[in-house]
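predicted model, plus sequence, below.
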Amino acid sequence: MLQTILCASDNNYAQHLGIMLFSLLSNAKRPEGYEIIIINDSIENCNLEKIKKTIERYHASYRILDADLSKVEGLASFSYISKAMYFRIFIDEYLDENYQRVLYLDSDMIISDDISDLFILDMKGFEIAAVPDAHVFRNEKIELKKRLGINKREDYFNSGLLLIDLEKYRSADIKNRVFSFIKNSSDKLYFPDQDALNYVLHDRYLKLPITYNFQSAMKKHQLESNGYPKVIHYTGHAKPWFYFKKHPIKKAYLHYKKRSLWSEEKAVDLTFKNVLFSLFFMKNKISFYSK
């Protein structure tokens, strides 16, 4: 039986989706054992062809499905998070009853090791398995109890990697419960889809080790004590594809980008204006400290 990976992307994240899939497949023990399903929100043909070639190179199966944009019309999005984030909620509409388990992955990830063991994991009767969210755990200003009724900060999970038992997901009507909360409680949402998923599932998920979703807000000592992560998740604003942004594991993304079909793509912020600004800033910084 094929192991199913589901992703969603618009064209802004298409390159990063392709690089993530390249890292996943190049580190898989049996890449041909994967079925990749991509929910496509207007990905340009040049990027779509590169994604297809990346998957075909490893003889994995794939399907590319058009996103139903009417389902997310009017919902909030951010400059660094598109409306593609909502498509994971409708996962049971893209996969029929023949699918028992699916692994959802965000595009802003690098998979540095084989993760097929997740597909044989005992989920202990839970609807999903995920890793607790590091940013929310560290930020007390994000009032979980007041907004979402979650008492323990460690119960709030990051939705970038979700292992989903589809039969239980359907029987518990997760999709409709989550979407209802998004529509009716928009004033309570900080991370729209993730908050709503946590509102419904914070006490119904299996906690995974942080190696399966090592987030940007996690500390250096966690990296050292847990070993190199299997899944690196570039959460927040400091994305590794920005030349002038710093990230402790930025090199991992650049390593796979260099070997991918997007190797010649320039960093979007590497402009003449930004280079001049950076040089001016460094000159003034050196001048200040030399006084």
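Okay, I see it.

what's in contact with the host helix or strand of residue 167?
Assessed by DSSP states H and E, residue 167 sits inside helix 166-171. Outside of helix 166-171, the residues within contact range by CB atoms under 8 Å, 6 or more residues apart in numbering are 91-92, 95, 97, 99-102, 125-128, 175. The way it works is simple: take the backbone N, C-alpha and C, and place the C-beta from them, glycine included.

need the nearest residue in space to the residue nearest in space to the middle of the chain, chain neighbours excluded.
In the chain, the residue lying closest to the centroid (CA atoms, centre = their mean) is residue 106, at 2.2 Å. In this structure, residue 106 finds its nearest non-sequential neighbour in residue 160, 3.9 Å apart by CB to CB, 6 or more residues apart in numbering.

list the pairing partners of the helix or strand hosting the one you found within its sheet, with orientation.
Using DSSP H and E, residue 160 sits within strand 157-165. Using DSSP bridges, strand 157-165 pairs in its sheet with strand 101-105 (antiparallel), strand 128-132 (antiparallel).

contacts for it?
85, 88, 91, 100-106, 108-109, 118, 121, 123, 126-134, 193-194, 197-198, 201-202, 205-208, 212-213, 215, 231, 233, 235.

among those, name the buried ones.
85, 88, 91, 101-106, 108-109, 118, 123, 126-134, 193-194, 197-198, 201-202, 205-206, 208, 212-213, 215, 231, 233, 235 (16 or more other CB atoms under 10 Å).

redo the strands paired with strand 157-165 as CSV? Include distance to residue 3.
Output for those, formatted as CSV (distance: least, CB to CB, whole Å):
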stretch, distance to residue 3
strand 101-105, 7
strand 128-132, 14
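
show me the contacts for the residue nearest to the centre of the chain.
Contacts of residue 106 by CB under 8 Å, 6+ apart are 7, 20, 160-161, 233.

do you know how far it is from residue 263?
Here residue 106 is placed at a distance of 22 Å from residue 263 (CB to CB, to the nearest Å).

list the buried residues for whichever helix or strand comes after the helix holding residue 167?
Per DSSP H and E, the first helix or strand lying C-terminal to helix 166-171 is helix 174-184. By neighbour count with 16+ other CB under 10 Å, helix 174-184 contains the buried residues 174-175, 178-179, 181-182.

flag the shaky bits of the stretch 101-250 of the chain, pLDDT-wise.
Residues of the stretch 101-250 of the chain meeting the criterion pLDDT under 70: 138, 140-141, 219-226.

cheers, nothing more for now.
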